[in-house]
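K.L.:
sequence isn't available, so here's the structure alone:
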């Protein structure tokens, strides 16, 4: 009798699993016409709003020949814009990495008052227009701002100078690393860090030997997004730069000035460099996502 009961239970379990698979298959399968319709809509949108504009940028950039293209991107003002863009990114990205890791560590590993407020403030750049962010810095550091007279008396330039551009870039990019790491650290829990602490590891040893290996791909993903936004930022940087040609123009601002001056070939040439940056960013982003998925599969198999 117990054997029959166990057999019946096994049969019912297999039958139930079969019914569940059939129900899932019916719920997720659609007629071929419907699938083709949705795939066609997706491909149409990608073609019209992504691929076609990218092709147009490169076509216009090379319309007058490769020599004209090289002359446009090797122009002193263009090189100055590239240099300033790199400087802003090289300063903003490491600072945002430090902030993002620290914020994610605090939010995911500890309980403290004001935690929800900190999470809300991290999301602030997503809610505030970049132009408004630039105007805030003008209000604080501008000639008529809170610290304007002090900065002027000590000959310190923030607005319409590199420091203002760096500050604006940091503001619009600081959520990316933190927002990528917070859910990742929360999902991993505290067990490994607590075990390391019990075994006598110091805080730095726990950070470098336990935490960082677990978050390295998520951190790299956040760095890629931060760098892409830093190099492509327009609104906040435009407000604080002053548009001084050859001095405070980043690549997006230089493209705007060239286009407004009807130098279309040069504008599209510099824009093509930003488009190449976007393509490289997407490739790196896809690679990191693939590695994260592979690590997840490996962890599940273990």
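P.N.:
Cool, the structure landed. Keep in mind that what you see is a predicted model, and the values were worked out from it rather than measured.
K.L.:
next, the buried residues of the one helix or strand residue 96 maps to.
P.N.:
In the assignment (DSSP states H and E), residue 96 maps to helix 76-109. For helix 76-109, burial by neighbour count (16 or more other Cβ atoms under 10 Å) applies to 77-78, 80-82, 84-85, 88-89, 91-93, 95-97, 99-101, 103-109. Glycine gets a C-beta too; all of them are placed from N, C-alpha and C.
K.L.:
which residues sit in contact with residue 111?
P.N.:
The contact partners of residue 111, taken as Cβ atoms under 8 Å, 6 or more residues apart in numbering, number zero.
K.L.:
now do the phi/psi pair for the residue nearest to residue 142 when sequence neighbours are not counted.
P.N.:
Nearest non-adjacent residue to residue 142, counting by Cβ to Cβ, 6 or more residues apart in numbering: residue 159, 4.9 Å away. With angles defined as degrees, to the nearest 10, residue 159 sits at phi -80, psi 140.
K.L.:
ok, residue 159 touching residue 239?
P.N.:
No - counting by Cβ atoms under 8 Å, residue 159 does not reach residue 239; the two are 9.1 Å apart.
K.L.:
of those two, who's got more company?
P.N.:
Comparing residue 159 with residue 239 by neighbour count (other Cβ atoms under 10 Å), the higher total belongs to residue 159, at 25 against 21.
K.L.:
so what pLDDT did the more buried one get?
P.N.:
Note on residue 159: pLDDT of 90.
K.L.:
can you pull the contacts of it?
P.N.:
Counting by Cβ under 8 Å, 6+ apart, residue 159 touches 137-138, 141-143, 145, 240, 242.
K.L.:
one step back: next SSE after the helix holding residue 96?
P.N.:
Downstream of helix 76-109, the next assigned helix or strand under DSSP H and E is helix 115-122.
K.L.:
residues touching residue 241, list them.
P.N.:
Shown in contact with residue 241 (Cβ under 8 Å, 6+ apart): 160, 164-165, 248-250, 253.
K.L.:
now those residues as a markdown table including secondary structure, distance to residue 229 and neighbour count?
P.N.:
Shown next, in a markdown table, are the contacts of residue 241 (DSSP: H, G, I helix; E, B strand; the rest coil; distance: Cβ to Cβ, whole Å; neighbours: other Cβ atoms under 10 Å):
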| residue | secondary structure | distance to residue 229 | neighbour count |
| --- | --- | --- | --- |
| 160 | coil | 22 | 19 |
| 164 | helix | 17 | 25 |
| 165 | helix | 14 | 31 |
| 248 | coil | 19 | 21 |
| 249 | coil | 18 | 26 |
| 250 | coil | 12 | 27 |
| 253 | helix | 15 | 23 |
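K.L.:
mind putting these into a markdown table with distance to residue 265?
P.N.:
Converted to a markdown table, the contacts of residue 241 look like this (distance: Cβ to Cβ, whole Å):
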| residue | distance to residue 265 |
| --- | --- |
| 160 | 29 |
| 164 | 31 |
| 165 | 26 |
| 248 | 24 |
| 249 | 18 |
| 250 | 20 |
| 253 | 18 |
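K.L.:
which one among these gets closest to residue 274?
P.N.:
Distance to residue 274 across the contacts of residue 241 (Cβ to Cβ) is lowest for residue 250, with 10.1 Å.
K.L.:
ok, and the closest non-adjacent residue to the closest one?
P.N.:
Nearest residue to residue 250 in three dimensions, chain neighbours excluded: residue 85, at 4.5 Å (Cβ to Cβ, 6+ apart).
K.L.:
wait, the one you found touches residue 248, no?
P.N.:
No - if you go by Cβ under 8 Å, residue 85 and residue 248 don't touch, sitting 11.4 Å apart.
K.L.:
circling back: got the angle between the helix holding residue 96 and helix 115-122?
P.N.:
Angle of helix 76-109 versus helix 115-122, following axes from the mean of the first three to the mean of the last three Cα atoms, to 10 degrees, is 170 degrees.
K.L.:
picking that back up, now, of the contacts of residue 159, which are buried?
P.N.:
Among these, those classed as buried by 16+ other Cβ under 10 Å are 137-138, 141-142, 145, 240.
K.L.:
how about stretch 69-77: buried residues?
P.N.:
69, 72, 75, 77.
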